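In: sequence first, predicted model second:
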Number of protein chains: 4
Amino acid sequence: MRLYTSCDLAFEIPAPTPFVLMLRPRSGAQQWITREEYRLVPSVPVFEFTDNYGNLCQRLVALPGVFTVYTSAEVMTTDYVDQAPGAPFVEVQNLPDAELSYLLPSRYCESECFSQMASDITAGQKAGYDQAAAIVAWLRANIRFAPGSSNIPLSAVEVNIRQSGVCRDLAHLGMALCRSLSIPARMVVGYLYGLEPMDLHAWFEAYVGGRWYTFDATQAELKGGYVVIGYGRDAADVAVYNQFGPAVYPTAQTVCVQRLREE
Amino acid sequence: MRLYTSCDLAFEIPAPTPFVLMLRPRSGAQQWITREEYRLVPSVPVFEFTDNYGNLCQRLVALPGVFTVYTSAEVMTTDYVDQAPGAPFVEVQNLPDAELSYLLPSRYCESECFSQMASDITAGQKAGYDQAAAIVAWLRANIRFAPGSSNIPLSAVEVNIRQSGVCRDLAHLGMALCRSLSIPARMVVGYLYGLEPMDLHAWFEAYVGGRWYTFDATQAELKGGYVVIGYGRDAADVAVYNQFGPAVYPTAQTVCVQRLREE
Amino acid sequence: MRLYTSCDLAFEIPAPTPFVLMLRPRSGAQQWITREEYRLVPSVPVFEFTDNYGNLCQRLVALPGVFTVYTSAEVMTTDYVDQAPGAPFVEVQNLPDAELSYLLPSRYCESECFSQMASDITAGQKAGYDQAAAIVAWLRANIRFAPGSSNIPLSAVEVNIRQSGVCRDLAHLGMALCRSLSIPARMVVGYLYGLEPMDLHAWFEAYVGGRWYTFDATQAELKGGYVVIGYGRDAADVAVYNQFGPAVYPTAQTVCVQRLREE
Amino acid sequence: MRLYTSCDLAFEIPAPTPFVLMLRPRSGAQQWITREEYRLVPSVPVFEFTDNYGNLCQRLVALPGVFTVYTSAEVMTTDYVDQAPGAPFVEVQNLPDAELSYLLPSRYCESECFSQMASDITAGQKAGYDQAAAIVAWLRANIRFAPGSSNIPLSAVEVNIRQSGVCRDLAHLGMALCRSLSIPARMVVGYLYGLEPMDLHAWFEAYVGGRWYTFDATQAELKGGYVVIGYGRDAADVAVYNQFGPAVYPTAQTVCVQRLREE
């Protein structure tokens, strides 16, 4: 399907503040960016670089006053994400080198704590896709998806205690469970067509059967309409903005996803 | 200045043909892409990757029939490129690792053949920026810039024999001369505002005084209005399209660069 | 100084077990490996790759039975590591792209929790090297270095609660404090000549004044004799071995560091 | 088989001279380095980095006087390199991103000039391994292997004119022919057990059937005993030393490859 996405951020900056933004979706295996816009008001010098995970990041120093970032894109993405029940577990020795880092514990995925729990949840499942699917089914049934309930990320351990969280938090627990079974799992931040309430979204991917598959515990069923902005090990890697020095919070954040007519 | 750039390519494809395109300018130290468009007609699946030089490349298979690529961008770029007479030569041992590969000979820059000639041209110049500037002055005075005169790249040796060439060919000789003096030199393909006749353009950069500087032997003086599409060691690395299998030539190539009002 | 280092690991393997080892020190800015040995008994196929942090990692599948890894090296390293009181803080916007990831929170460095504490500890210090030095002085005075006290890594928050830890744990707290001040900090695992009791060691580096400097809260004063095996964001990135599947613990681990006569 | 390899280089240095050496074999898919030695006399500071092709390179400045480099290794390598008659051609669109650069022309492989010749040589062969094998058979029959006949690399075009060359030159022509058929080909420099006369050696690899295979037109048949030092697009990328400034030639170069008893 063809989507229009936009994310606008506004800040009230008290003193010159360095930012690293991650707001430029990349064309990749799962999406093609046909049109894109990225404006800063007021305009300041920007340097773009590619981080360890292949994301395009924008560095700049915001000046005192109102600072607004306008981004939008037109994206071709799939109507239905691929699903592959039965896709086999990939033995660690057969994983591509680049995916090994997605097996390790990370800031918000204390995967070393979840071995027993993951075994219990996936008991009787075929190793691979079906384990990841069982984890997501368990999350849907047991962890309450409470959008807007927290601003700071919860780690997998914390989510498991609270039994509720925002999209990002559910992904943390899902990934920690997958990694504890030696299934690489990575966090995705982006847009989802039809999300209620509309906002930036987060989900995760698991590497089984030789490729990455999309999983999302916040939705009753897995449809399409996903647009990826960035990948990482968890929320620490995929903040759409990191700001350094005294904290500055957005005074406005507007996210929009609309379906466009096919050309 | 604020520029609108576009490059459209049309092909008549006889049989399914793999392409690697390089037509997506990246935001970087010297430019900021505020708006971009990239459409393929008919639409085919595209996979984007980053090559060894940091360029974004698009892989696809064009299907039989007419195949058209439409790309355009709005870019903030500088009114005047930086110049730095007197900027010192960087000793090889002090070059960043990443720049060392731009010292080696490459397909169209047989730099090992030009030591004596480079010494002669730069006699009396301070090592560094002034050497590169002397090389460009020599090119302007001695090699005829003949846009449209050839379709296949000429190597530095060939350009030196013919004493004429297109923009890409002049860059090859300029880079070979710089490299023979142990000055890293890299090829740039992109757009230039005001180029006559309008077309894609090629020039080179030399690394002196701790950074890359722009040089262009095809212009009487160095102004601004440059938009970079890609970097590489020579024309072999920065083709805006590489096509594999039986040769297919564009039936149309339209390039446009216009100045936009400042916002 | 010229050092001989060795690390031997023995395992009793119950079932085929994938391992990723990180036991090959690389020649770099701070050390030069003149001789190296790396043997596996029994011999199994090994694939080496470079991870996101530039470390050489060795992948293999250990077979059931006794599995032993013998590594040793002769290394030229400095008698005294560089110290630079007064070296200035590098503004985030001026950091190299590659160092930005060392500003983010990671599994064992919850840097987002330590802003106030870091400010208190470094009150009155010049921003930069002196802040990192004050943090290390504070660690020496307040956190008990208890070698052998734990096998599993403690995060910065946990170390701060327990007020004691092994070398790795002290490094976690030191790094979390540095990062909360926007000073990049990275973990180092390796050898230290004269360490008591002898074992593998961990310390950290902080990026100030345009380069990385060594800090080690476990030693009364900063001398030389450090040999780096690997860099990372914290202990999750620099395990000398990661093993996947049912847990397997070393039955023996022997570490040796000796001084050799200068050649 | 288990091999001992060594390469010693001696230079008479007139003035401080920057060098980039490439003399440290890496453990990889096809070999495992169990022991290694790398000494410089006199000792000078060395910085090691990884180049675009994954090779370990050593940067240093040699001081006036005699400068000697001693390197040796013990390596486990295969008794017979893999051969795969019938292994299929990989369509360009299915090649890994990283291998695409090995399709392009390079300094000594003017692959754009060899389409017709490659078609003729491989007429009737199944696309893939058999084409590369036919190219090597043709080289054996038509290009004289003349070790020691030249010090400077010959490009594929030059080799084809002279009808003779050293190992490196034959590899250039073989790679240019492969690339003109859209088969990725890369140069390898290293050691070969039993080579007559003993020296550093060069050969090439072609990517077919989903992996790299070894080809060597200088040997009557393909056996094992190969030890890789470095990979690249051609001789310009894999010089075991590059030296900058006024030319300095080795006063001695000693290469040794011996078979060791299995452990």
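Out: Noted; the coordinates are in hand.

In: tally up the residues packed near the closest residue to chain B within the stretch 101-250 of chain A, please.
Out: Chain B sits closest to residue A:228 of the stretch 101-250 of chain A, with a gap of 12.0 Å, by CB to the nearest CB. The C-beta positions use only the backbone N, C-alpha and C, and glycine is treated the same way. By other CB atoms under 10 Å in any protein chain shown, 22 other residues sit near residue A:228.

In: so residue A:181 touches residue A:134, yeah?
Out: No - taking contacts as CB atoms under 8 Å, residue A:181 lies outside contact range of residue A:134: 10.3 Å.

In: give me the common contacts of these two.
Out: In terms of CB atoms under 8 Å, 6 or more residues apart in numbering or on different chains, residue A:181 and residue A:134 are both contacted by the residues residue A:122.

In: those two: who's more crowded?
Out: When neighbours are counted by other CB under 10 Å, residue A:181 and residue A:134 differ, and residue A:181 comes out ahead with 25 against 18.

In: enumerate every residue touching the more buried one.
Out: Residue A:181 neighbours (CB under 8 Å, 6+ apart): A:89, A:115, A:118-119, A:122, A:127, A:131.

In: check which helices and strands the host helix or strand of residue A:57 sits against.
Out: Using DSSP states H and E, residue A:57 maps to strand A:56-62. Other helices and strands packing on strand A:56-62, by 3 or more CB pairs under 8 Å, 6 or more residues apart in numbering or on different chains; DSSP states H and E, are strand A:17-21, strand A:47-50.

In: what's around residue A:132, how many residues?
Out: 28.

In: kindly report the same for residue A:170.
Out: Neighbour tally, residue A:170, other CB under 10 Å: 28.

In: in contact with it, which residues?
Out: A:139, A:143, A:145, A:159, A:217-218 are the contacts of residue A:170 under CB under 8 Å, 6+ apart.

In: any figure for the gap between residue A:104 and residue A:179?
Out: Taking CB to CB, to the nearest Å as the measure, residue A:104 and residue A:179 are separated by 7 Å.

In: just checking, residue A:69 touches residue A:6?
Out: No - applying CB under 8 Å, one finds residue A:69 not in contact with residue A:6, separated by 10.8 Å.

In: which one's more surrounded, those two?
Out: It is residue A:69, of residue A:69 and residue A:6, that has more neighbours when counted by other CB under 10 Å, with 23 against 15.

In: ramachandran coordinates for that one?
Out: phi -120, psi 120 (degrees, to the nearest 10).

In: mind checking pLDDT for it?
Out: We have a pLDDT of 97 for residue A:69.

In: identify the bridge partners of it.
Out: As for beta bridges, residue A:69 partners with residue A:9, residue A:40 under DSSP bridges.

In: how far away is it from chain D?
Out: For residue A:69, the distance to chain D (CB to the nearest CB, to the nearest Å) stands at 31 Å.

In: mind listing what that residue touches?
Out: Contacts here follow CB under 8 Å, 6+ apart; on that basis residue A:69 touches A:7-10, A:21, A:23, A:38-40.

In: give the pairing partners of the strand holding residue A:57; include direction for each.
Out: Strand A:56-62 has these strand partners (DSSP bridges): strand A:17-21 (antiparallel), strand A:47-50 (antiparallel).
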